[in-house]
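*Asks:* My questions are about this predicted structure, shown below with the sequence.
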Amino acid sequence: MGSRTLPRGVELTPIWYPSANYGERRGGLTPTLIVLHYTVMVPAERAIERLCDPEYEVSAHYVIGECGTLWQLVEEDKRAWHAGAGSWHGQDDINSRSIGIEMVNDGTSPYAEPVMETLEALLPGIMQRWGIPPEGVIGHSDMAPGRKIDPGPHFDWARLEGRGLACVSRPA
């Protein structure tokens with residue numbers, strides 16, 4: 001699994017690896033946010049094991065491995081258990097309002113180029129399918145300040161903003 005550059009606008013075909021940790025979105029909610037996370041766990045397979053283990057009751061819709069490999073653990077129309085307690089613009093139950101993307105990173109290192117390339121290829125399709133604007137691409141730390149710090153100080157928000165995939169000056 002080596003690095004590869006993906007043409008802009010190309011949609012990826014993720015490896016389907018279903019998690020048992022999901023449910024129905026509550027109250028008829030649909031995704032209006034994309035929440036970005038880092039796994040802390042390396043390699044990707046270790047993080048995926050945790051995200052699929054019913055004992056831990058956590059999951060995400062997607063996981064991007066350190067070499068850019070993309071896995072999908074939960075269907076987008078379902079409620080993955082990635083966000084936990086928190087709110088965004090006065091709205092809670094972020095899990096019912098969002099798509100969760102875990103990126104393999106230890107939290108102390110820069111993000112690998114293949115991770116960023118895959119994220120940049122994945123985001124446009126999700127944003128288009130659900131009508132999510134760049135302002136709706138947030139970090140776990142944005143909706144749970146003080147409790148979470150991911151995707152962390154090494155995440156390149158300006159790079160995403162330059163590609164129209166996030167808004168660096170997102171309101172808190």
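*Replies:* Great, that's in hand. Numbering: from 1, shown residues only.

*Asks:* Sketch out the low-pLDDT regions of this structure for me.
*Replies:* For the chain, applying pLDDT under 70 flags the ranges 1-11, 169-172.

*Asks:* Okay, strands next: where are they in it?
*Replies:* Here the chain has its strands, by DSSP state E, at 15-16, 22-24, 33-38, 62-64, 70-72, 78-80, 98-103, 137-139.

*Asks:* Leaving out sequence neighbours, find the closest residue to the residue of the chain positioned farthest from its centre.
*Replies:* Using CA atoms, centre = their mean, the residue of the chain lying farthest from its centre is G27. It sits 22.1 Å away. Distance criterion CB to CB, 6 or more residues apart in numbering; nearest residue to G27, sequence neighbours excluded, is S96 at 6.8 Å. The way it works is simple: take the backbone N, C-alpha and C, and place the C-beta from them, glycine included.

*Asks:* all helices for the protein, in order.
*Replies:* For the chain, helices defined by DSSP state H occupy the ranges 44-52, 113-130, 140-143, 157-162.

*Asks:* Dump these into a markdown table; add mean neighbour count and distance to S59 as well.
*Replies:* Below are the helices of the chain laid out as a markdown table (neighbours: other CB atoms under 10 Å; distance: least, CB to CB, whole Å):
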| stretch | mean neighbour count | distance to S59 |
| --- | --- | --- |
| helix 44-52 | 19 | 5 |
| helix 113-130 | 19 | 16 |
| helix 140-143 | 22 | 14 |
| helix 157-162 | 15 | 23 |
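
*Asks:* now the ones you listed as TSV including distance to L73?
*Replies:* As requested, these are arranged in TSV below (distance: least, CB to CB, whole Å):
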stretch	distance to L73
helix 44-52	6
helix 113-130	13
helix 140-143	16
helix 157-162	22
